[in-house]
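Visitor: Need the 3D shape of this:
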Amino acid sequence: MQVLVTGAGGLLGGAIARVARAVDISVLATYHTRRPEIAVTCEQLDITETDQFESLVRAYEPETVINCAAMTDVDGCEEHPEQARAVNGDAPGELAQVAARHDIGFMQISTDYVFSGEQERRYEPDDKTAPKQVYGRSKFRGEETVRAAHPSPWIVRLSFVYGRTEHNEPAGFPAWVLDRLERAESTPLFTDQYITPTRAESAAQTILKLAGKQAGETVHIAARDCITPYEFGMRLAEFTEHPTELLEEGSMADIDRAAARPKKTCLSVDRIESILGDEQPTFEADLRAFVHAIR
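Guide: This next block holds a predicted model:
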């Protein structure tokens, strides 16, 4: 299989490119600003430049495209809504249209932030969307433009993505927590936000399994456990042998940010497990794998 992965300079895109290479899948990885240090073919690409993207499709003839490129700074999206709409909302549809024209598969990476976070049960893929901020609205628009442009796309929603860089350094939430722990700084973590963390490397394996399938659906990929950032931090401190006393209970209300965050966006993974016949990993299994990789 040959795949084109956009956004490979980022956490998820880089993980997909590395995992694909490890299992002998041919990869063309594109990046916007930071060229990833991965032993695959890399090309610079601004995903809003559709003609450039189509030239790459013609030259490399991938069987499927996995679009990880996005504007992911939630507060930055709030401050620059037009840019967020262009990158997260409009560009994915243009890329999907090119893929459809060349009769190749398309997968759009999306987010739990398309939901309001106000329901108690886990979110199913077909539940009503109600994003609370520009980022979520722009990503949901991306889902809609992709569905309109491609006959059978995969829409893959993730939650609270973390992982490691190509140099085995922590990335995402654990990087921030570990940095503070190593400097012996007290660290307040939310006890009133609920998430299903997604380890990038685990998600990459699942995404590549999906990429080989034809009929697209909307699915959720995440760990099976619904936890708070405080619980995440406590387990991380334990697994890395840092003092848990440095971690303090905090509230989302304590932080003044430009964009609202949903409180409870735990994702149901029943559909993806049914499609692939495999269980998604537990949070603890994923975290242990993460800690092993960065040591």
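Visitor: can you map out the strands along the stretch 1-150 of the chain?
Guide: Per DSSP state E, counting those that start in this stretch, the stretch 1-150 of the chain carries strands over the ranges 2-6, 26-31, 41-44, 64-67, 105-111.
Visitor: Include mean neighbour count and distance to residue 191 when you put these into a markdown table, please.
Guide: In short, each C-beta sits where N, CA and C put it, glycine included. Below are these laid out as a markdown table (neighbours: other Cβ atoms under 10 Å; distance: least, Cβ to Cβ, whole Å):
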| stretch | mean neighbour count | distance to residue 191 |
| --- | --- | --- |
| strand 2-6 | 26 | 36 |
| strand 26-31 | 24 | 37 |
| strand 41-44 | 15 | 41 |
| strand 64-67 | 27 | 34 |
| strand 105-111 | 26 | 22 |
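Visitor: In CSV: the ones you listed, plus mean pLDDT and distance to residue 145.
Guide: Output for these, formatted as CSV (pLDDT from 0 to 100; distance: least, Cβ to Cβ, whole Å):
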stretch, mean pLDDT, distance to residue 145
strand 2-6, 97, 15
strand 26-31, 97, 19
strand 41-44, 96, 23
strand 64-67, 98, 11
strand 105-111, 98, 9
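Visitor: Compile the ones you listed into TSV and extend it with columns for distance to residue 127.
Guide: Shown next, in TSV, are those (distance: least, Cβ to Cβ, whole Å):
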stretch	distance to residue 127
strand 2-6	27
strand 26-31	32
strand 41-44	37
strand 64-67	23
strand 105-111	13
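Visitor: Quick one, which of those gets closest to residue 130.
Guide: strand 105-111 (13.4 Å; Cβ to Cβ).
Visitor: rewinding a little: for residue 78, find the nearest of the strands of the stretch 1-150 of the chain.
Guide: strand 105-111 (14.6 Å).
Visitor: Next, find the distance separating the closest residue to residue 108 other than its chain neighbours from residue 130.
Guide: Counting by Cβ to Cβ, 6 or more residues apart in numbering, residue 108 lies nearest to residue 146, which is 4.5 Å off, once chain neighbours are set aside. Residue 146 is 19 Å from residue 130, where distance means Cβ to Cβ, to the nearest Å.
Visitor: now do residue 252
Guide: Distance from residue 252 to residue 130, counting by Cβ to Cβ: 18 Å.
Visitor: which residues touch the residue lying closest to residue 138 once chain neighbours are set aside?
Guide: Among residues not flanking residue 138 along the chain, residue 88 sits closest, at 3.7 Å (Cβ to Cβ, 6+ apart). Contacts for residue 88 (Cβ atoms under 8 Å, 6 or more residues apart in numbering) come out as 70, 71, 77, 135, 138, 139, 141, 142.
Visitor: cool, residue 39 as well?
Guide: residue 21.
Visitor: Local confidence estimate at it?
Guide: If you check residue 39, the pLDDT there is 89.
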